[in-house]
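[1] Dropping the sequence and predicted coords here.
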Amino acid sequence: MTVGTTIRQDVSDKQMVLLKSKDFKGKVNPDWCAGCGDFGVLNALQKACADLGLMPHQTLTVSGIGCSSNFPSFFNSYGAHTLHGRSLAFASGAKLSNHELTVIATGGDGDGYGIGGNHFTHTARRNVDLTYLVMNNQIYGLTTGQVSPTSRIGMKTKSTPFGSIEQPVNPITSAIMNGATFVARGYSADGKHLVELIKQALQHKGFALIDIFSPCVTFNKDNDYNFFKPRVKKLEDEGHDTSDWKTACEKAMLWDDTIYIGLFLKGNRSTIADEEPILDEGPPLAHRSPGITKEQSQRIIKRMM
Amino acid sequence: MSRADFDFALAIGGAAGQGIATPGNIMARSFVRRGLHLYAYNAYQSIIRGGHIFLTIRISDQPVYNHGDKLDMLLCLNQDTMNRHLKLMGVGTRVIYNSDTVEPTTACDGVEFCPMPINELSDGASNKMVQNTVALGVTVWLLGQEFQDLSDALTLQFQRKGQEVVDQNVSVARAGYDHATANFEPFPDKLPTGEKPLAVWTGNDALAMGGAAANVKFYCAYPMSPSTGVLHWMAKNAREMGIMVRQVEDEIGVANMAIGAAHTGVRSMCATSGGGFALMTEALGASAMMEIPVVFINVQRAGPSTGVPTKTEQGDLWQMLGASQGDFQRFIVAPKTADDAFQTVPQVFNLCDKYQCPGIILSDVLISEGTFSTDPDKVEKGMHPVVDRGQLITEGRTDVDDLPKGAQSEDASGLVGAETNQYLRYANTENGISPRAVPGLEGYVHVVSTDEHDEDGVLISDEFTNPHKRRKMVEKRARKFDNLLDDIEAPRLEGVSAKQAQVTLIGFGSTYGVIKEAIEQLQVEGVAANQLNVTWMVPFHGEAVAKVVNDAKHTIVVENNHSGQFYRYMRSETGLSVDGHIRKYDGEPFQPHHIVKGVLELLKGKIDKYVPEEQIMV
């Protein structure tokens, strides 16, 4: 059940009209600041979905709270703008109940690695078939600029005026250690590269994280485009072995003149839906007919006597 | 219910790890197979080995809902049980114990000791559980049951372990039976036989089965006493019932995952206790705001905080009423018994689907961990309830003009929904209920959100130019609940009429059975009483309750908490006070005599609040 093939087939049944990027434009224009990295991510996802022939009604985009979590309104698909930090829990419930949907979770570093950190760990471990796009700007933007779980040591923010003293989380190594089967890093200013990463993530069967540098031009003066531009290097250019988790972690830890983007790790462990006997046969849970049979109820009652 | 002709209670006491559950289970099943009604209450500690466990099994020819006031037989698996509980035993009772390890202490006159020389009877078997099986043989003789009944029950219990284990157990039980036959007088009243075989379940089983009957397809939970039984039932039976069961990382994940599942159109449910519910709280509001129906079960335990994990309280009512920020409606119902809990679950699901909102079922240790007998025919009927999904759209539309009635705005302003073919998830309909489409359907693409949103789901939370939109949406959601009381039966006075009753006892949820029995005992004391049990907290039939209070000569609220949570809520909804209070908050449930004594004291008019004294009954 790879996403691309089923959806394309569906399209061919209709009038073979493949949608274009603009067809994935939502009802609302983004209210992000001019120059915000999130625009690049939105454009890349729209193009990736069009390229793969996804249909908006078969796609569900789930977000939490934060600047980047306004995403579902700006994107044309079924959307759920949920509580702060809870996108992965909501998305997991939705995906497991209707595994025919393509489910994409979007959000920021605070939403995903801070308040939602527990769900991040366990969704990766369960290998729920989701694509998770984290727009990592190393700052809390919507609350006007406080330290985030990915802010560097020493970073001065409104809540750390004398500089942060806490070690930032590394989303890539965390995801690898937690068992995610597709772990990548993107850069919103490199749209072409990002589109390809998102397409691979959407086609990947399992939990796919793309941590995306998405600079906040308003509140983060440390990690702006000038910071990233000279540093980002593509793993693809170096022939990185995506089955080698140790090298992947080493490369993910680099944070100086070279900061790698690209696909760090890709595994093929089965997803939770593959392992769940309830989903072995029949349609998704959401499409199953209601009611239990007399045989089922009698069997249960017999055990009570 | 007339007073029972046969009312018998036995208790088994020992340490955790001594295997109290197995003989308890075997006895319970042999009783219900005879058609006897049963309630079993297990007083235990949050401990895996050691500590003290005390299982009371009460049987009767009439339905029983609590463990009663007296014991007829005590089985001591250790010295501790003898020391703690012997003083409860009165004239004509029997005390069974392992005479190799337990010394009898001083008993009141008329208690008959039944020593079991276990080593001698079991040929020195090394298995520590052997005393339990010998005791079963002794019990069967004392109660005047046929040995064959026990032999059948042992076969059923141990057949999975092979014939050899079955034979060993039957042989040891036989030794106990023969020893008893030779040495002890059976109870004078022989165990009666009921009309037909009954079944047993715990309240947690009943809640889980209610979910299965309601067609729950997604159940998730984080283990928390005393709600874990629901998870266990679901986990055990999920595969054959086609239910997906997930144990999630925390209750925050549980609630949000349940909502995500419900969003795709499945019925989803979760259960926890007060502390876990606290973590689910924000999601409760999200379910209301996004208008996605989910059923939450809170099995109350004594709080606050981690509190007393294995002990009961009706202490979470205000937590349920006030859970989650903002001003929104949720259903809250506190079932009376396991049977009631079973039937309530599908009812709550139908209501939550109809009104697209969250529902809370409030249970407690008394119901959830109590073992009740039940009528298997009624359970069978209950397993196939009416499932009404409300205004749920399940087919896509290819023709853009093809929209179900009500999915477009009826708002005359025309500010939104101006395109008549646009699907509005939160259409501002006359009754506030908007047809709900689920992801995957063609022609209904929309966004749901926990932020305030307009009819089309688009956020308006950041708009300050449109306060009228916010007002419209608040009113739309609120309008759904304008006539809720029509869907819920009003609570009714049970027992003698208001004119005849000297006192009216008012309670909510699980105290139903114990108050009912207290009223029967009060009759013997010459006090005519009746009961108003309220199960639906929200919506609350304020007028019906007010009428009862106004018509009553003397009103007493009975509740299992310290501050009078139900009373305070009732007063806020009716503006009325009552004459007296009986409250218990020591972690153990009420027994009938607590209430009887309380009523008699309160009727003297010197005090207006009675708190039963702690007793080591359990």
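    Cool, got the structure. Bear in mind that the values here come from a model prediction, so they are computed numbers and not experimental data.

[2] where's B:Ala278 relative to B:Met224, distance?
    Per C-beta to C-beta, to the nearest Å, B:Ala278 is found 11 Å from B:Met224. Where C-beta positions appear, they are placed from N, C-alpha and C, glycine not excepted.

[3] Neighbours of B:Glu525, how many?
    Around B:Glu525 there are 11 other residues, counting by other C-beta atoms under 10 Å in any protein chain shown.

[4] Now that it has come up, it's in contact with B:Val596, right?
    Yes. Between B:Glu525 and B:Val596 there is a contact under C-beta atoms under 8 Å: 6.7 Å.

[5] Beta-bridge partners for B:Cys220, please?
    Beta-bridge partners of B:Cys220, counted by DSSP bridges, are B:Arg246, B:Cys270.

[6] which residues touch it?
    Contacts of B:Cys220 were listed using C-beta atoms under 8 Å, 6 or more residues apart in numbering or on different chains, and they are A:93, B:245-248, B:254, B:257-258, B:261, B:268, B:270.

[7] before we move on, the earlier item: which of B:Ala278 and B:Met224 has more neighbours?
    B:Met224 (22 against 19).

[8] which residues sit in contact with the more buried one?
    B:251, B:272-273, B:275-276.

[9] Ramachandran angles for it?
    phi -160, psi 120 (degrees, to the nearest 10).

[10] Run a quick neighbour tally on B:Val130.
    24.

[11] Run through the residues that contact it.
    Contacts of B:Val130 by C-beta under 8 Å, 6+ apart are B:118, B:122, B:172.

[12] For burial, what's the neighbour tally of the closest residue to B:Pro376 other than its chain neighbours?
    The shortest distance from B:Pro376 to any non-neighbouring residue, by C-beta to C-beta, 6 or more residues apart in numbering or on different chains, is to B:Ala199 (4.5 Å). When counting by other C-beta under 10 Å, one arrives at 23 neighbours for B:Ala199.

[13] Near chain A, which residues of the stretch 451-600 of chain B are found?
    B:451, B:456-459, B:462 (C-beta under 8 Å from any C-beta of the partner chain).

[14] Contacts only, for B:Leu121.
    Contacts of B:Leu121 (C-beta under 8 Å, 6+ apart): B:134, B:172, B:175-176, B:179.

[15] roughly how far apart are the closest residue to chain A within chain B and A:Leu285?
    The nearest approach of chain B to chain A comes at B:Gly260, 2.9 Å away (C-beta to the nearest C-beta). According to C-beta to C-beta, B:Gly260 and A:Leu285 sit 12 Å apart.

[16] which of those two has more neighbours?
    A count of neighbours by other C-beta under 10 Å puts B:Gly260 above the other of B:Gly260 and A:Leu285, at 32 against 24.

[17] give me the element the more buried one is part of.
    Here B:Gly260 sits within helix B:251-263, counting by DSSP states H and E.

[18] counting contacts, what elements does that helix pack onto?
    Judged by 3 or more C-beta pairs under 8 Å, 6 or more residues apart in numbering or on different chains; DSSP states H and E, helix B:251-263 is in contact with helix A:87-97, helix A:117-126, strand B:216-221, strand B:267-272, helix B:274-290.

[19] okay, those in JSON lines with mean pLDDT next?
    Output for those, formatted as JSON lines (pLDDT from 0 to 100):
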{"stretch": "helix A:87-97", "mean pLDDT": "98"}
{"stretch": "helix A:117-126", "mean pLDDT": "98"}
{"stretch": "strand B:216-221", "mean pLDDT": "98"}
{"stretch": "strand B:267-272", "mean pLDDT": "98"}
{"stretch": "helix B:274-290", "mean pLDDT": "98"}
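
[20] got a markdown table for those, with distance to A:Thr181 too?
    Listed next are the helices and strands packed on helix B:251-263 as a markdown table, based on distance: least, C-beta to C-beta, whole Å:
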| stretch | distance to A:Thr181 |
| --- | --- |
| helix A:87-97 | 15 |
| helix A:117-126 | 8 |
| strand B:216-221 | 22 |
| strand B:267-272 | 26 |
| helix B:274-290 | 28 |
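
[21] Look up the closest residue to the residue in the stretch 1-150 of chain A positioned nearest to chain B, ignoring the ones flanking it.
    The minimum distance from the stretch 1-150 of chain A to chain B, using C-beta to the nearest C-beta, falls at A:Gly93 (2.9 Å). Nearest residue to A:Gly93, sequence neighbours excluded (C-beta to C-beta, 6+ apart): B:Gly260, at 2.9 Å.

[22] so what's that neighbour up against?
    So B:Gly260 contacts A:62, A:80, A:82, A:89-95, A:97 (C-beta under 8 Å, 6+ apart).

[23] hmm, which of the residues of the stretch 451-600 of chain B next to chain A are the buried ones?
    B:451, B:456-459 (16 or more other C-beta atoms under 10 Å in any protein chain shown).

[24] so can I have a markdown table of these showing pLDDT and secondary structure?
    Compiled in a markdown table, these are given as follows (pLDDT from 0 to 100; DSSP: H, G, I helix; E, B strand; the rest coil):
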| residue | pLDDT | secondary structure |
| --- | --- | --- |
| B:Asp451 | 95 | coil |
| B:Asp456 | 93 | coil |
| B:Gly457 | 94 | coil |
| B:Val458 | 91 | coil |
| B:Leu459 | 90 | strand |
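
[25] Just give me the closest of those to B:Lys381.
    Nearest to B:Lys381 among these is B:Gly457, at 40.3 Å by C-beta to C-beta.

[26] circling back: overlap of the contact sets of B:Gly260 and A:Leu285?
    In contact with both B:Gly260 and A:Leu285: A:Ser97, using C-beta under 8 Å, 6+ apart.

[27] residues near residue 179, how many?
    In the absence of a named chain, chain A is used. 17.

[28] if you could check chain B rather than the one you did, that'd help
    By other C-beta under 10 Å, 21 other residues sit near B:His179.

[29] Check A:Gly145 too.
    Should you count by other C-beta under 10 Å, A:Gly145 turns out to have 18 residues around it.

[30] cool, and B:Asp152?
    15.

[31] and the residue of the stretch 1-150 of chain A closest to chain B, how far is that from B:Pro63?
    For A:Gly93, the distance to B:Pro63 - C-beta to C-beta - is 39 Å.
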